[in-house]
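J.: Just to be clear, the model below is a prediction. Sequence and coordinates:
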There are 2 protein chains.
Amino acid sequence: MPNTATARAPERDLRNQILDTALQLFSRNGYFNTSVHDIRRAAGVSIGAIYHHFPSKEAVAAALYHDLVERMDRVMVDIVAAHRSAHDRCRAVVAALFELAETQPEMMSFILNAKHREFMPDATPICSSRPFERMLDMVREGIASGEIRQMEALVAAPSLFGGPLRLLQLRLDGILTVPLPSVLDTAWECAWRAVANP
Amino acid sequence: MPNTATARAPERDLRNQILDTALQLFSRNGYFNTSVHDIRRAAGVSIGAIYHHFPSKEAVAAALYHDLVERMDRVMVDIVAAHRSAHDRCRAVVAALFELAETQPEMMSFILNAKHREFMPDATPICSSRPFERMLDMVREGIASGEIRQMEALVAAPSLFGGPLRLLQLRLDGILTVPLPSVLDTAWECAWRAVANP
DNA sequence: GTCTATATTCGGATAGAC
DNA sequence: GTCTATCCGAATATAGAC
């Protein structure tokens, strides 16, 4: 039955097309300022198609959130595999975040700005998600190895990543007009000095 | 005419009562998850009273935003007047923010979390507001005086305040369970090391 | 100036054809 | 599986009494 093969590809394409469009609109206008009809129009699909693939508008946002967090997590896993020291791992994280913010600003905007508690039933703070947990683990190991000064990991982690993340926000908001990678060295030097063992 | 005196006080009370209630609901449930009827019920006033004092729900949020930014700005002005060096000023800012986050978490949550672009016509990024401009100015002066290392002020400022702000966020989200002032010394040491001239 | 009741718009979700 | 047309509830804002 060739129809299954021919049907499956567009089916998946359609779902991704809906998700891609929703990401753009959500990150640009916000979840509540985006109606399902807006998604329908921008994606060039029908309402029925959206409600065939997702049970509700909320589910679209939830699926999007899930996918993006998973992608972020894969980035973290790759970094842990590629580097050994806490210093190198954390620097790679900042570099990757900066790179992603330039190449996929909608994704970063959605993950960082979206208040998921506002449109998702299970109030999952973004900082409790797995990629952020992995960043916290990197810091913990850095403290254990002596690379990072002795202190609460819950204080060290935001002290290390808070600056770069804030900078990223400024970039997404259009306040910072130069590409993030061009300030990576300076930003990282500041971030690392904040917690490094002298 | 005594009625003007007796009427003016409750009139102003009512407006403030609406704003206080709106702040609580907005910061707890978000702007879009809060209906005017919710405000009406929680504030114990009528719909008519709300629409007498404000032309729209959006205007309630805008007035709230304006008031809170103004209060933040007064805090900054006082700090600038009370301290001389960039180090002391910036530390006082972080201390004040930590203190405010404990005593008035709704206010801080609204200012930091609310995506004002989503419900305010004039898309004013929070970082362009005057209190944040003043923080940037403190950093600029620190760079000029040599207290802070030579670098772009737009990189130094988030590097300095990003950590504390991130920590503040963790506290508001309930991830950090200890009061912020108890970690002020550690957090500030990290923040200042990030940018300080050695 | 404050209230109640109501109008109008709008968006999420469904039904049923194809 | 995808579409069009439609329903229903909710939320903002208004009208008009007191």
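T.: Arrived safely.
J.: how about the closest residue to residue A:31 other than its chain neighbours, what does it touch?
T.: On the basis of C-beta to C-beta, 6 or more residues apart in numbering or on different chains, the spatially nearest residue to residue A:31 that is not a chain neighbour turns out to be residue A:119, at 4.9 Å. In this view, the C-beta of every residue, glycine as well, is placed from N, C-alpha and C. Remark: with contacts taken as C-beta atoms under 8 Å, 6 or more residues apart in numbering or on different chains, residue A:119 is in contact with A:31, A:32, A:58, A:61.
J.: what do you get if the cut-off is 7 Å, keeping everything else the same?
T.: A:31, A:58, A:61 (C-beta atoms under 7 Å, 6 or more residues apart in numbering or on different chains).
J.: List the ones among those residues that fall in helices.
T.: Counting by DSSP state H, the members of these that fall within helices are A:58, A:61.
J.: Quickly name whichever of the contacts of residue A:119 is closest to residue B:161.
T.: Taking C-beta to C-beta as the measure, residue A:31 is the one of those closest to residue B:161, at 27.8 Å.
J.: from memory the closest one sits against residue A:60, does it?
T.: No: here residue A:31 lies out of contact with residue A:60, judged by C-beta atoms under 7 Å, at a distance of 9.5 Å.
J.: In terms of secondary structure, what does the strand or helix carrying residue A:155 contact?
T.: For residue A:155, the host element (DSSP states H and E) is helix A:153-172. For helix A:153-172, the packing partners by 3 or more C-beta pairs under 7 Å, 6 or more residues apart in numbering or on different chains; DSSP states H and E come out as helix A:86-103, helix A:105-113, helix A:130-145, helix A:184-195, helix B:153-172, helix B:184-195.
J.: what would the ones you listed look like in a markdown table with mean pLDDT?
T.: What follows is those, written out as a markdown table (pLDDT from 0 to 100):
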| stretch | mean pLDDT |
| --- | --- |
| helix A:86-103 | 98 |
| helix A:105-113 | 93 |
| helix A:130-145 | 97 |
| helix A:184-195 | 98 |
| helix B:153-172 | 98 |
| helix B:184-195 | 98 |
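J.: Out of these, which gets nearest to DNA strand D?
T.: The closest approach between DNA strand D and any of these, judged by C-beta to the nearest atom of the strand, belongs to helix A:105-113 at 21.4 Å.
J.: can you list contacts of that closest one?
T.: A:23-24, A:26-27, A:64, A:68, A:72, A:100-101, A:126, A:168-169, A:172, B:115.
J.: Kindly report the same for stretch A:186-195.
T.: Taking contacts as C-beta under 7 Å, 6+ apart, the residues outside stretch A:186-195 that touch it are A:87, A:91, A:94, A:148-149, A:156, A:159-160, A:163-164, A:167, B:151, B:155, B:159, B:163, B:190-191, B:193-195.
J.: Up against DNA strand C, what does chain A have?
T.: Proximity of chain A to DNA strand C is assessed by C-beta under 7 Å from any atom of the strand, with A:34, A:35, A:36, A:37, A:47, A:48, A:51, A:55, A:56, A:57, A:58 identified as the residues in range.
J.: With respect to residue A:182, which of those residues is nearest?
T.: residue A:34 (32.2 Å).
J.: Is the helix or strand hosting residue A:117 in proximity to DNA strand D?
T.: When secondary structure is defined by DSSP H and E, residue A:117 falls within helix A:116-119. No: for helix A:116-119, no contact with DNA strand D is found by C-beta under 7 Å from any atom of the strand; the gap never falls below 13.3 Å.
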